[in-house]
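> Predicted structure and sequence below. I'll ask about it afterward.
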Amino acid sequence: MKEDPKYDRYLAELKNLATNKHLRDLKSLEKSPSGKVIWNGKEYLNLSSNDYLGLASDIDLYNSFLNEIKQESNLTKYGLAGMSSRLLTGNASPYEKLENLLSDLYNTESALVFNSGYHANIGIIPALSQKGDLIISDELIHASMIDGLRLSKAERKRFNHLDYDHLELILKEERANYDQVFIIAESLYSMNGDCTDLKKVVDLKNKYNAFLYLDEAHALGVRGIKGLGLAEEYNLISEIDLLVGTFGKAIASQGAFIVCKKSIKDFLVNKMRSLIFTTALPPICVSWTHFIMERISDYNEKRIHLNTISQKFKNALQSKPGVNLSNSHIIPLITGDNTSATQLAEKLQSQNFLAFPIRTPTVPENTARIRFSLTANLLWKDLLTLSTIL
C-alpha cells in the first residue's frame with residue numbers, strides 16, 4: 001500500500017539515518033539468573049549498564065525490601081501509582097521520608113525529589129535562572145542540561161571541556177555584566193569517564209560569586225567513602241550550591257534529587273514546571289530508593305572492587321589504540337567513525353560481550369566509540385578475556 005505523502009519527510013530522514021549508521025532502535029533485554037543479560041535468546045556479559053554497584057540484579061536485596069514492606073502495618077503507603085502531581089495529592093509520605101534522609105546524608109538544609117534526572121535538569125535550570133543572568137557550562141554536559149539551558153531566558157556561554165583557565169577567562173570578562181551567574185558541570189562525564197576538578201571549580205565560583213550546579217549522576221554510589229559522589233570525595237559538599245543526583249544508575253531505582261538550601265527548595269516547588277506539571281512517582285519506587293540510600297554507605301567493598309577491576313582493565317588496555325585511560329569506571333575506546341564502532345560492537349557481541357556503540361550525534365563527529373561501563377558485579381577474569389580480543 002502506498003504511504004501517505006505526509007509521512008515522506010520522516011521516512012526520508014529515517015533512510016538518511018540508516019545510510020549514515022545513525023539509526024537507533026529499541027532492544028528487548030532480560031536479566032538472566034546468573035546476573036548476565038539475555039538478548040535475542042543469547043546470554044551476554046553486560047558492559048553497557050549504568051547499574052554500577054550491581055544492585056539491580058541482587059535478588060536478596062529485593063527480597064529484603066519486600067519482606068520489610070510486608071511487615072508494615074499500613075501497606076497503602078506503598079502504592080503502585082502516583083495518581084497525581086506532588087502539589088495536589090501525589091506527595092505520599094515516603095517522599096518526605098526520603099528527602100529527610102537525603103538532607104541528613106548530605107548535611108544540607110533541604111532536599112527535593114524528582115521523577116528523573118531529565119525532569120531535574122530541564123526544570124531546575126530554567127526555574128532558577130532568568131533574563132539578566134549568565135549560565136556558563138562545560139561543553140560536554142549531558143543533553144538534559146543542554147535542554148534545560150535552551151528553556152532558560154539567561155544568556156549562555158560554554159567553556160572548553162575541563163578547561164578551568166577558559167572558565168575563568170569567561171568569568172573575568174563577563175561576571176560584572178550579569179545579575180546571577182551559574183556554572184554548570186558534571187562531576188563524572190559518562191562519555192569520556194573523566195572527572196571535574198571540583199577544588200578548582202569551587203575556587204572559581206567563590207572568587208566570582210557564582211552558583212555552582214553539579215550533576216553527580218554517574219558518581220553517586222561509586223565515589224566517596226559513603227558513596228555520595230565526587231563532592232564527598234573532595235570533601236566539598238557544603239560548597240556545592242545546587243547538587244543534583246539520580247537514582248536510576250548506581251542506586252538501581254528511579255528518580256532524581258537536589259540537595260540545597262531551603263529557600264531554593266521552596267522556590268522550585270513554586271516555579272519548576274517539570275515538578276509542578278507531572279504525576280508523582282509511585283510511592284513504592286520512592287520507598288525502594290529510601291531503602292537503598294539508607295544502605296549506601298554499606299557498599300564500600302563494592303566500590304573498592306569496582307575501582308580495582310577498573311584500574312586493572314585500564315592497565316590491560318593501555319597499549320590499545322583509541323583507549324581513553326579515564327580516571328573512573330567508565331572507559332571509552334574511540335574507534336572513529338560510526339561504522340567502525342558498530343563493527344567492533346558486533347565483534348564483541350559474537351564473543352558474548354554486550355557493548356553497544358556510541359555514535360554521532362551523541363558524540364562529536366569521528367569520535368564514535370565503545371564505552372565500557374564497568375559494574376561491581378563483574379569479575380576480573382571476564383574482563384581479562386575481553387582485553388585479549390580488543
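That came in fine, so what should we check first?
> which residues of the protein score low on pLDDT?
Across the chain, the ranges flagged by pLDDT under 70 are 1, 33-35, 72-78.
> Would you map the helices across it?
8-19, 59-71, 93-106, 117-128, 143-151, 164-174, 198-207, 230-233, 262-271, 273-276, 283-294, 300-317, 338-350, 380-389 (DSSP state H).
> Tell me which of those lies nearest to Glu216.
Of all the helices of the chain, it is helix 230-233 that lies closest to Glu216, at 6.4 Å by Cβ to Cβ. Bear in mind the C-beta positions are built from the backbone N, C-alpha and C, glycine included.
> Summarise which helices and strands that closest one is packed against.
Counting contacts by 3 or more Cβ pairs under 8 Å, 6 or more residues apart in numbering; DSSP states H and E, helix 230-233 is packed against no other helix or strand.
> from the middle of its chain, how far away would that helix be?
On the basis of Cα atoms, centre = their mean, to the nearest Å, helix 230-233 sits 15 Å off its chain's mean C-alpha point.
> Ok, which of the helices of the chain comes nearest Leu374?
So among those, helix 300-317 is nearest, using Cβ to Cβ, at 5.2 Å.
> Identify each buried residue in the closest one, please.
Neighbour-count burial for helix 300-317 flags 302-303, 305-307, 309-310, 313-314, 316-317 (criterion: 16 or more other Cβ atoms under 10 Å).
> Identify, from these, the entry nearest to Asn50.
Leu306 (12.6 Å).
> There's contact between that closest one and Leu55 in this structure, I believe.
No. If you go by Cβ atoms under 8 Å, Leu306 and Leu55 don't touch, sitting 11.9 Å apart.
> Can you tell me the closest non-neighbouring residue to Asn352?
Distances taken as Cβ to Cβ, 6 or more residues apart in numbering put Tyr44 closest to Asn352, at 5.3 Å, once the chain neighbours are dropped.
> Could you pull up the contacting residues of that neighbour?
Contacts for Tyr44 (Cβ atoms under 8 Å, 6 or more residues apart in numbering) come out as 36-38, 349, 352-354.
> separation between Asp4 and Asn16?
To Asn16, Asp4 is 19 Å away according to Cβ to Cβ, to the nearest Å.
> what's the first-to-last distance across stretch 372-389?
14 Å (Cα to Cα, to the nearest Å).
> same question, stretch 16-31
End-to-end distance for stretch 16-31: 33 Å, by Cα to Cα.
> Could you pull out the buried residues of that stretch?
Quick answer for stretch 16-31 (16+ other Cβ under 10 Å): Lys21.
> Can you give the contact residues for it?
Contacts for stretch 16-31 (Cβ under 8 Å, 6+ apart): 14, 37-39, 56-57, 337-339, 342, 359-361.
> Can you flag the buried ones in those residues?
Using 16+ other Cβ under 10 Å, the buried ones in the contacts of stretch 16-31 are 37-38, 56-57, 337-338, 342, 359-360.
> which two from the residues you listed end up farthest apart in space?
Using Cβ to Cβ, the pair of those lying farthest apart is Ser57 and Asp337, separated by 34.0 Å.
> mind listing what Ile221 touches?
For residue 221 the amino acid is Gly, not Ile. Contact partners of Gly221, counting by Cβ under 8 Å, 6+ apart, are 52-53, 227, 229, 249-251, 296, 299, 303.
> neighbour-wise, which of those residues leads?
Counting neighbours by other Cβ atoms under 10 Å, the top entry in those is Ala250, with 33 neighbours.
> I'd assumed Val37 was in contact with Glu43.
Yes. Applying Cβ under 8 Å as the test, Glu43 and Val37 come out as touching, 7.3 Å apart.
> related to what we said a few turns ago, ChimeraX command for the buried members of the contacts of Tyr44?
In ChimeraX syntax, the buried subset of these is picked out as below (16+ other Cβ under 10 Å):
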select :36,37,38,349,353,354
